[in-house]
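Undergrad: I would like the atomic coordinates for the input below:
(one chain, ligands or ions: 1)
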Amino acid sequence: MQREFPNEAAARKWFESIIRPDGKWPFLQCRSKNTHECSYAKMPYRCRDCRKYFSIKKETVMAGSPLPLLKWVYAIYLDTTSLKGVASMKLSRELGITQ
Ligand SMILES: [Zn+2]
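TA: Numbering: from 1, shown residues only. From the prediction side, this is the model:
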């Protein structure tokens, strides 16, 4: 995990490769693919059609979460590599977050 995801940027690239494998970003709210990257750290994408800024977390289970993407990657890893999933208490202990 440390080698594959050394920092937040690596985690963001991984999510981007899943959500927009063709390099185009479908902004789900207005269905436009007329988007571009901008320099805001928290909202690094902008839809040119509706002029809204959004992040990689938009319209995913991560929406509204203040947790960094790196913690989400680790939580997904723990959940998908466990036969019966992972308990929320174990997740909170492993990630150093509240339940
Ligand atoms: Zn839009």
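Undergrad: contact partners of whichever helix or strand R46 is part of?
TA: Using DSSP states H and E, R46 falls within strand 45-47. By C-beta atoms under 8 Å, 6 or more residues apart in numbering, the residues outside strand 45-47 that reach it are 25, 27, 29-30, 32, 34-38, 52-56. For the C-beta atoms, the positions are set from N, CA and C on the backbone; glycine is no exception.
Undergrad: Tell me the helix or strand right after that strand.
TA: Past strand 45-47, the next helix or strand by DSSP H and E is strand 53-54.
Undergrad: where do the helices sit along this structure?
TA: Secondary structure of the chain (DSSP state H): helices at 8-19, 69-80, 88-95.
Undergrad: is it possible to export the ones you listed to TSV including distance to the ion, mean neighbour count and mean pLDDT?
TA: Shown next, in TSV, are these (distance: least, C-beta to the ion, whole Å; neighbours: other C-beta atoms under 10 Å; pLDDT from 0 to 100):
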stretch	distance to the ion	mean neighbour count	mean pLDDT
helix 8-19	16	15	89
helix 69-80	22	17	94
helix 88-95	33	13	94
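Undergrad: Dump those helices into JSON lines; add distance to P44 as well.
TA: Conversion of the helices of the chain to JSON lines gives the following (distance: least, C-beta to C-beta, whole Å):
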{"stretch": "helix 8-19", "distance to P44": "8"}
{"stretch": "helix 69-80", "distance to P44": "12"}
{"stretch": "helix 88-95", "distance to P44": "23"}
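Undergrad: Which one of those helices lies nearest to M1?
TA: The closest of those to M1 is helix 69-80. By C-beta to C-beta, the value is 6.3 Å.
Undergrad: rewinding a little: quick one: closest of the helices of the chain to M43.
TA: Nearest to M43, of all the helices of the chain, is helix 8-19, at 12.6 Å by C-beta to C-beta.
Undergrad: That closest one packs against which elements?
TA: If you count contacts as 3 or more C-beta pairs under 8 Å, 6 or more residues apart in numbering; DSSP states H and E, helix 8-19 packs onto helix 69-80.
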